[in-house]
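S.K.: Could you work out the structure for the sequence below:
(2 chains)
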There are 2 protein chains.
Amino acid sequence: MNYETLNHTGQARFDPHYHNKYATLMAAGNGALGVRATHEEAYTTQTRGMYLAGLYHRAGEGETTELVNLPDLVGMEIELNGELFSLLSGEILGYHRELCFARGELTRVVDWRSAQGQRFTIKSTRFVSAQRLGLFCLRLAITPHDDTATVRVVTGIDATQTNSGRQHLAERELRVFDNRYLQGRYRTLDNNADVTLCCACQVSPQAQVSFSAKNRRLLQHSQQTLTAGASFTLEKCAWVSATPDGPDDNDAAQSLIRLRECAAAGYDALLAESLQTRRAWWQGARVEVESDSGQDQQALDFALYHLHAMTPRHDERSSIAAKGLTGEGYKGHVFWDTEVFLLPFYLHTAPGVARQLLRYRWLNLAGAKRKAARGGWQGALFPWESARSGDEETPPFAAINIRTGLRQKVASAEAEHHLVADIAWAVATYGQATGDASFMAHEGRELLEETARFWLSRAQEVNGRLELHDVIGPDEYTEHINNNAYTSYLAHYNVALALETRRRVGGPDDGFIAQCEDFLARLFLPAPRPDGVIAQDDTFFSKPTIDLTRYRAQAGSQSVLLDYSRAEVNEMQILKQADVVMLLYMLPWRFDNATVAANLDYYEPRTIHDSSLSKAIHGIVAARCGRHDEAYRFWRAGCEIDLGDAPHSSDDGIHAAATGAIWLGAVQGFAGVSVQNGELHVTPSLPRQWQRLAFPFCWQGGTLSFAMTHDTLTMTSARAVRLFINGMAVDVEGETVFHRDGNVWRKEALCNPTR
Amino acid sequence: MNYETLNHTGQARFDPHYHNKYATLMAAGNGALGVRATHEEAYTTQTRGMYLAGLYHRAGEGETTELVNLPDLVGMEIELNGELFSLLSGEILGYHRELCFARGELTRVVDWRSAQGQRFTIKSTRFVSAQRLGLFCLRLAITPHDDTATVRVVTGIDATQTNSGRQHLAERELRVFDNRYLQGRYRTLDNNADVTLCCACQVSPQAQVSFSAKNRRLLQHSQQTLTAGASFTLEKCAWVSATPDGPDDNDAAQSLIRLRECAAAGYDALLAESLQTRRAWWQGARVEVESDSGQDQQALDFALYHLHAMTPRHDERSSIAAKGLTGEGYKGHVFWDTEVFLLPFYLHTAPGVARQLLRYRWLNLAGAKRKAARGGWQGALFPWESARSGDEETPPFAAINIRTGLRQKVASAEAEHHLVADIAWAVATYGQATGDASFMAHEGRELLEETARFWLSRAQEVNGRLELHDVIGPDEYTEHINNNAYTSYLAHYNVALALETRRRVGGPDDGFIAQCEDFLARLFLPAPRPDGVIAQDDTFFSKPTIDLTRYRAQAGSQSVLLDYSRAEVNEMQILKQADVVMLLYMLPWRFDNATVAANLDYYEPRTIHDSSLSKAIHGIVAARCGRHDEAYRFWRAGCEIDLGDAPHSSDDGIHAAATGAIWLGAVQGFAGVSVQNGELHVTPSLPRQWQRLAFPFCWQGGTLSFAMTHDTLTMTSARAVRLFINGMAVDVEGETVFHRDGNVWRKEALCNPTR
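M.R.: Numbering: from 1, shown residues only, chains lettered A, B, ... in the order given. Predicted coordinates for the structure are as follows:
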């Protein structure tokens, strides 16, 4: 694999309407630190952002806990011969901006003629180290072409940054050590965390340097007069750290030590070191595709780049936010997206990370039990929106209706309880994919039992059977309904998993087994109608339908809510996102192909896809039905959620789950890989646009390599693995090649199992 | 007087380096509400600002109480055919910006060609009502010239505004009433005050309108497609209010009522109403000058415009901040500047306002007594920096030294005690100028006695005489010295005033009289040396001098502190600002002309004038000595503090005291008017550049009109007034004209005393 051929997200035109989209798409990150890709020079329309995973704070009463937008390091005031550099003024003679996914380096080269008529080349490169988690480096070079020029650059640590006006940090101390190292020390306003930023800006010895500290800005002023053709260079090396679990005065000193080490190493050495770490990561994860469209490989690389950037591998007290570390959307909170849309990627590329993401939930069991108890239930009801404390972070009320003044209760935190079963589903999937018996006997068992206990207490008896009332399924346009198929099937699965685990690993004689057996025997699971369609909930079929064409054309914009109130939408057959289809995706072994097709055909036309979680799941389910074109169309639509042309689709951050779904679509959809009751199934379903698909895949402690075309399927495994191709059991060891023969895959005679 | 001829501060060129200077100079205000003159469209280099007098808040521990920068009303996102309007892009074909001091209206007209090549005229006007204290109006008109164009304007209430990143307000509720009235309700984070902003944006019925509330922004989106030559207009009418003394839910409803009234009246009627109020104000205050330079009249009008804008006439719990309501400099705190530099203007144009400014101090006596008691003294020690609580608001430590990490104690709050006597001086001047016996018997007596008590306890006995040790005079480059002449003479005067008042109005038999007599008899007052020079303090003459040429050339920049530490400066004969010269100014009757001249000549060359309070005082003292050219030079230099070319001199706000000093220079300097021991003295001293000077002047319940040329002095008074011209007693009634005859002014024979 040649890393230089990795596609990139390039931006060939400067357009203020796209400032925030590209600030998100091209953001840098290493799972601990995320930095939005704003331009060095300021623009009123761009939102700067830098975040540390797990560093949350609530700005005051009535506010919501949110990921803190840290003091800015990217901003630079650049003055060229006294003229403030801005691409809004003067003339852009050349512009290229490129994020290299392989290197994790963002480059911008601008050829610019100032309003005064002087030509300059301004080049900057930057990266967040994949190796040193607090490290951000930026290199700037400015070359005047026409004549002698004076370049002035002011940059440092700018703590005027807020989350849309909400300030979380009090300034404690600003320092300049050794005429070189700038340090800003901050503490969250609740006194619960320290934040330290340090940076050094190396310029040539000819430059004049001074420092200033005013209005929450600690700045280095560098100035140099150059002859034409000579370059002013500035190498900014910054270290960012925080102590999210309590103030720690030692952090400042440690940060300075780290910074000194980094500054001594310099940009190139630090980038090389980071690249080595990234290289290993890509080797274990990259999905390669040969497609009619180069955008497909780009989308996969984009997705994986961000999956790397968003995941706090370093800290099991943090999990993946809905927008990763790229923006303030959803306040940096963690949703079921992590377990359902993101965890499978880690399960099969870095199982240790998947384990850690589940430990995040396990460590937060106390909060989940508190929430269950507050609702009058037993076991664990995980918060709909989770941060670091493990408590429910969903604001109790939605934003006020500005016309009526009424605040609506946020229904999801109240009733969208399926996430409990989703987490149990993820635990089981982890156990099956890794065979990690130790985790399953300890954290896994506890998670499965506590989530099961919630369902045992949540169900109510109606004429002898158990029902789940007043829930919300994944389709949030249908609220407070009874016997939502998704929720009930998943709850049933959750309890079954807990029962199976308890039977396997044992436990106290507490009646749990009997309770589970009773629950499983009596829980009402809506069965398919004669035509195969499963009722989304008790009343769904009785509701009227309307023409959704207009709203489906604007999928993702929630435009239906401009015409109808939520209460009205609730009383119609309108789906925001996959619900029964989501169920088909989650528990494929429970439904035959005819049932899957019937539900897809019934529900999809009633679905607006107003959630970024919707289209990709439809795509996978369609692929499993062998509907290649439909599957590919859905998969592309999923890629467009971030990568499409809409200028503001990603302003508030990346759609983390959608990036996970790009991988899911390729691996679970087109390669047709699924885990069903502990078995690994492969049912290749390449779209006609793709000629080849290859990826590494972790399975029960080993790694399989998959490579498939329309007619061949090559699998490589160092040790013997049993799996099922189109339902037929095969054993793979070494490189094994299969050839398609109609609907059957036959093993190649000449494979060499020990190669 | 033709109000249309009032000069204006015009800006004929768009230059981002001057954004904040002009945002300050052209700020709008009515004493209650101040709005910085930022452009409607956003620029990264401009600092928006809107303030309500008396609305202070401390952002958190370790922070300083500051005037709250309120949610913004000025900002508008203007999109013309999809292109964001910014003067940094496209081409500026015409640009004119003008603040009319008489109307209090700011106008900007821009003729602009977009990057796409389309020509537009964008005109805006705005004002803060002089009549309705919460009212701010803005009118925008956009005309496409070449072709049909789509105009989109987004504006409303933007609560992402902070004080350099410090947020003071929690968002409580955002509403849109009747599809028209936007309202944002906020509460300070300490829950001590409510803030309500309302606005209505009237556009033509052809425009499409919608609303949004997100990320602390409540916005109206207006869009209209126009044919060439037609205009899009938007009339924004806003009401701003706060309850600084405690939350009050009623404020929101009241604000909305006020806004509805105003919106119904419309921009033109509201401006006409405001203009009427302004007209009356100018009539009672304007100083007219005929000068070789038109800049002199402009400076005077500029000063008076801002004196009107900065003074909270509506609220005796507020006083005038060092930057008025135009910026965040000095955190909106009140200094001795108010009593010494600003109060005289009110004394002689609106004595009721002067009374109210003194009542602000009287109402804050409790805090002043607390501060004195904390220092171990008696009486009242007013805070060096005052806000609304009456407590000391000076941060205990100055900004950290970023190189050493050390914080220096702020010496002014510790030892710059002369402000106590300055306030007493102002009280006495008020009593003499107004003859307000009721005030003097009540508030005046208490203020004089409590300030005197402070000095009685502050003095210490040294070999039988009383001395004032460890003080700082007005010259802040000489700290912690003994027997500062300014402080001692003023303290002496303070105690004498208290004694005189006690004798006049009576009081308890508490030994106060005897204490005062003893103090006055024994306080050490440094006498002039044989050459007439008075020692600034005990050690001043023993300190070395250095060449100050370089620093004096950069007066106001404190550049000496780049070369020397404060401790080093303290040990040299270096003055930041007038100190002994300030004393000569304050108590002119104590020093003869020879002494004044000797001290001016000795101290001025040793003064850098690094304070905006310095040059104007030198100018007045020089004028009193008959040094016309020197006086004029100093007066002009005082005008340049804000009006000069330096691009960043006024970024943080107007120099309020300097605007007062522009008036002082004309009236006390060139007209030579002074109050000495209750007598009104006039010693005309017009500079040769001026041909005529005229102004109204309140004196003991009546109003005198002065008009003078080099040879004539015309005074008009409805009732008989005794005053002293060049020391000679004259009586004036009706219009009285005097002609100069050498150094004597002779009454014109034909004056008609009853006219």
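S.K.: Can you pull the residues of the stretch 351-500 of chain A lying near chain B?
M.R.: Contact residues, the stretch 351-500 of chain A versus chain B (C-beta under 8 Å from any C-beta of the partner chain): A:399, A:400, A:402, A:403, A:405. Every C-beta, even on glycine, is put in place using the N, C-alpha and C of the backbone.
S.K.: Name the nearest of those residues relative to chain B.
M.R.: Taking C-beta to the nearest C-beta as the measure, chain B lies nearest residue A:402 of those, at 4.6 Å.
S.K.: what sits against that closest one?
M.R.: B:174, B:175, B:176, B:211, B:213, B:218 (C-beta atoms under 8 Å, 6 or more residues apart in numbering or on different chains).
S.K.: residue contacts, the spatially most central residue of chain A?
M.R.: Nearest residue to the geometric centre of chain A (C-alpha atoms, centre = their mean): residue A:656, 2.5 Å. Residue A:656 is in contact with A:306, A:310, A:320, A:321, A:322, A:323, A:324, A:337, A:338, A:341, A:342, counting by C-beta under 8 Å, 6+ apart.
S.K.: hang on, the earlier thing: so which of the contacts of residue A:402 are also by chain A?
M.R.: B:174, B:175, B:176, B:211, B:213, B:218.
S.K.: out of the residues you listed, which is most surrounded?
M.R.: residue B:174 (26 neighbours; other C-beta atoms under 10 Å in any protein chain shown).
S.K.: ok, it touching residue B:218?
M.R.: Yes - taking contacts as C-beta atoms under 8 Å, residue B:174 lies within contact range of residue B:218: 4.5 Å.
S.K.: Which neighbours do those two have in common?
M.R.: A:402, B:157, B:182, B:183, B:184.
S.K.: Just the pLDDT for residue A:6.
M.R.: Note for residue A:6: predicted pLDDT of 38.
S.K.: Looking at the ones next to chain A among the contacts of residue A:402, spot the one nearest residue A:746.
M.R.: residue B:213 (62.5 Å; C-beta to C-beta).
S.K.: so what's the closest residue to chain B within the stretch 651-755 of chain A closest to, chain neighbours aside?
M.R.: Nearest residue of the stretch 651-755 of chain A to chain B (C-beta to the nearest C-beta) works out as residue A:652 at 8.9 Å. Once flanking residues are discounted, residue A:652 sits nearest to residue A:329: 3.1 Å by C-beta to C-beta, 6 or more residues apart in numbering or on different chains.
S.K.: cool, and residue A:593?
M.R.: Closest to residue A:593 by C-beta to C-beta, 6+ apart is residue A:625, at 6.0 Å.
S.K.: what do you get for residue A:273?
M.R.: residue A:131 (5.0 Å).
S.K.: in which helix or strand would I find the one you found?
M.R.: Assessed by DSSP states H and E, residue A:131 sits outside every helix and strand.
S.K.: Then residue A:664?
M.R.: Secondary structure (DSSP H and E) places residue A:664 in helix A:656-664.
S.K.: next SSE after that helix?
M.R.: Taking DSSP H and E, what comes next after helix A:656-664 is strand A:673-676.
S.K.: which outside residues touch whatever helix or strand comes next after that following strand?
M.R.: Using DSSP H and E, the helix or strand that follows strand A:673-676 towards the C-terminus is strand A:679-682. The contact list for strand A:679-682, computed with C-beta under 8 Å, 6+ apart, reads A:671-675, A:699, A:706, A:713, A:721-727.
S.K.: Tell me the buried residues in strand A:679-682?
M.R.: A:680, A:681, A:682 (16 or more other C-beta atoms under 10 Å in any protein chain shown).
S.K.: Please save the CA atoms from that strand in CSV.
M.R.: As requested, the backbone C-alpha atoms of strand A:679-682 are provided in CSV (Å, rounded to 0.1, in the frame of the first residue of the first chain):
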residue,chain,number,x,y,z
GLU,A,679,-20.5,-16.9,13.8
LEU,A,680,-18.7,-14.8,11.2
HIS,A,681,-20.7,-14.6,8.0
VAL,A,682,-19.6,-13.2,4.6
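S.K.: For it, what does the pLDDT average out to?
M.R.: 96.
S.K.: May I have the strands that pair with that strand, each with its orientation?
M.R.: Applying DSSP bridges to the sheet, strand A:679-682 is found paired with strand A:673-676 (antiparallel), strand A:712-725 (parallel).
S.K.: Dump those strands to CSV, plus mean pLDDT.
M.R.: Output for the strands paired with strand A:679-682, formatted as CSV (pLDDT from 0 to 100):
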stretch, mean pLDDT
strand A:673-676, 93
strand A:712-725, 95
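S.K.: Highest mean neighbour count out of those strands?
M.R.: strand A:673-676 (a mean of 19; mean count of other C-beta atoms under 10 Å in any protein chain shown).
S.K.: Please save the CA atoms from that one in CSV.
M.R.: Extracted as CSV, the C-alpha positions of strand A:673-676 are listed here (Å, rounded to 0.1, in the frame of the first residue of the first chain):
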residue,chain,number,x,y,z
VAL,A,673,-19.6,-9.4,6.7
SER,A,674,-21.8,-9.9,9.8
VAL,A,675,-21.5,-11.6,13.2
GLN,A,676,-24.6,-13.7,13.9
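S.K.: Other residues contacting that strand?
M.R.: Everything outside strand A:673-676 that qualifies as a contact, by C-beta under 8 Å, 6+ apart, is A:348, A:429, A:432-433, A:588-589, A:624, A:667-668, A:680-683, A:697, A:706.
S.K.: hmm, which of the residues you listed are the buried ones?
M.R.: So, by 16+ other C-beta under 10 Å, the buried ones in the contacts of strand A:673-676 are A:348, A:429, A:432-433, A:588, A:624, A:667-668, A:680-683, A:697, A:706.
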